[in-house]
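Q: Build me a model from this:
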Amino acid sequence: MRLPGRNERHALGRRIVDTCLAMNASGINQGKSGNVSARFGDAMLVTPSGVSYDALKPMDIVLLGLDGTPVEDGQLLPSSEWRMHADIYRAKPEAQAVVHAHPTFCTALACQRTGIPAFHYMVAVAGGTDIRCSDYATFGTQALSDTMVAALEDRKACILANHGMICFEANLEKALGLAIEVESLARQYHHARQLGEPVILSDAEMAEVLEKFKTYGKQPGKE
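A: Numbers count the residues shown, from 1 in each chain. As a prediction, the model looks like this:
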């Protein structure tokens, strides 16, 4: 198994802890719920189960093979949702970081098993013409991971039925930013529905938006 060194492991663990703290500070997650990971060579670093983010240290972040095999002795137990993270890394070579949270408005839509249609062009931030809601499966199971992977086809984010949301990106900062953006869209969609049924943008318009998004927000020399 190809793995970076201990210094890189500590540094990435620190960034994961910082992302967890920022996730809760942003209001998109509460308490010990949700989880964060990053690809680490041929493996991944993922938050442990049931540990307060305020108490997390960089070396508490669990190093797992993508098949769930522990890489180090004496580790804490990984998040019960490690399968979702591992399956994203297996299915999406471009994925370098994953954020799973239980934001209020995404979760409200999840409990109605409702995705987010193209009511606003920014829905394209998740990679497609809508943000899908997966089928329901029990948390921590392979069945949940399988339905998540299906909902993420050609997408970077989805809503998880009766659960929350999950997304991936090229790094931790972008993954957290995407999670916050998806929750913002869920909130806007919820409010728009209170006024009546929102007007949905056409597939043709969203195709044009997606094309423009290929260069949206990019600066020369930046990722």
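Q: only C-alpha atoms for contact and neighbour calcs from this point on.
A: Fine.
Q: what's near enough to touch Phe40?
A: With contact set as C-alpha atoms under 8 Å, 6 or more residues apart in numbering, Phe40 has these partners: 3-4, 9.
Q: swap the cut-off to 6 Å and go again
A: The contact partners of Phe40, by C-alpha atoms under 6 Å, 6 or more residues apart in numbering, come to none.
Q: beta partners of it?
A: Beta-bridge pairing of Phe40 under DSSP bridges involves Ala43.
Q: how close does the residue nearest to Leu176 when sequence neighbours are not counted sit to Glu208?
A: Among residues not flanking Leu176 along the chain, Val99 sits closest, at 6.4 Å (C-alpha to C-alpha, 6 or more residues apart in numbering). Relative to Glu208, Val99 is positioned 28 Å away (C-alpha to C-alpha, to the nearest Å).
Q: what do you get for Ala186?
A: Relative to Glu208, and taking C-alpha to C-alpha, Ala186 is found at 22 Å.
Q: Have a look at these two and say which one is more surrounded.
A: Taking other C-alpha atoms under 10 Å, Ala186 and Glu208 do not tie; Ala186 has more neighbours (25 against 11).
Q: Quick test: name the residue nearest the centre of this protein.
A: In the chain, the residue lying closest to the centroid (C-alpha atoms, centre = their mean) is Cys167, at 2.3 Å.
Q: In three-state terms, label that one for me.
A: Classification of Cys167 using DSSP: H, G, I helix; E, B strand; the rest coil returns strand.
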